[in-house]
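**Student:** output the structure for:
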Amino acid sequence: MGHKILIVEDESNIRRFLKINFERNGYTVIEAESGEEGIIKARREEPQIVILDVMLPGMDGFKVCEALRKEFSSMGIVMLTARSQDADKITGLENGADDYLVKPFNTAELILRVKALSRRLDIKNETKEHKRIKSGPFTIDIYAQEAFKQEAKIELTPTEYVLLKLFMENEGKAFHRDELLDMVWGRSYMGDPKVVDVNIRRLRAKIEDSPVNPTYIVTIWGIGYKWAGHQIK
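**Tutor:** Modelled structure (predicted):
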């Protein structure tokens, strides 16, 4: 059985259509037609993934995303928006979404995006060994799927966790943005490559001493990013 999914969508025909298609792919589906109901059901049902429409009556999807992310750092969130402006996409990502899709969307693409997110959620099950990765002041506990800076736990989204793990396992390697997109979001990803930069910015805000002058995740101009776990002086 696949992960449990909460679909927060006020249009009943879209909601039912998505429910049918995800159930056919092995997911357990819960429905909500408003942001407030979505938060209540997320707390009660604890789904692994939320598909969240932006244009909801009352509390909009951006606010719902922000509220869910504060309570559930490891929950996967995919936002659906009828607005294609870059500012709206970036707002969703900066509020904690892992991915977004612009309406009208291809259902097969949404399912592929969710499957890719499911794989990121499943990383914690990749080994039964109590393995740890260390780099500079950072430690990742693979079994617990938790990250720490010194002794302080870092609350990470599934995507941020995968990015940090990838960087720490490849200290000093320069990653092209396209390479990160393929390795973290999957080769089938057809969204905006800006998703990489926004997630890097979010991750820096959580781990850097000064996010505006990063010394752990270093920008390689014209290429992408690399990890300098012991800091660039």
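**Student:** residue contacts, residue 169?
**Tutor:** Residue 169 sits next to residue 133 when contact means C-beta atoms under 8 Å, 6 or more residues apart in numbering. For the C-beta atoms, the positions are set from N, CA and C on the backbone; glycine is no exception.
**Student:** just the pLDDT for it.
**Tutor:** For residue 169, the model assigns a pLDDT of 92.
**Student:** one more: residue 47?
**Tutor:** Taking residue 47 on its own, its pLDDT is 94.
**Student:** check which element follows the lowest-mean-pLDDT helix or strand in the chain along the chain.
**Tutor:** Least confident helix or strand of the chain, by mean pLDDT, DSSP states H and E, is helix 86-94 with a mean of 77. Beyond helix 86-94 in the direction of the C-terminus, DSSP states H and E gives the next helix or strand as strand 99-102.
**Student:** surely residue 81 touches residue 88?
**Tutor:** Yes. Assessed by C-beta atoms under 8 Å, residue 81 is found in contact with residue 88 at 5.8 Å.
**Student:** overlap in contacts of those two?
**Tutor:** residue 54.
**Student:** and the two? Which one has more around it.
**Tutor:** residue 81 (22 against 17; other C-beta atoms under 10 Å).
**Student:** how about the contacts made by residue 150?
**Tutor:** Applying C-beta under 8 Å, 6+ apart, we find residue 150 in contact with residue 137.
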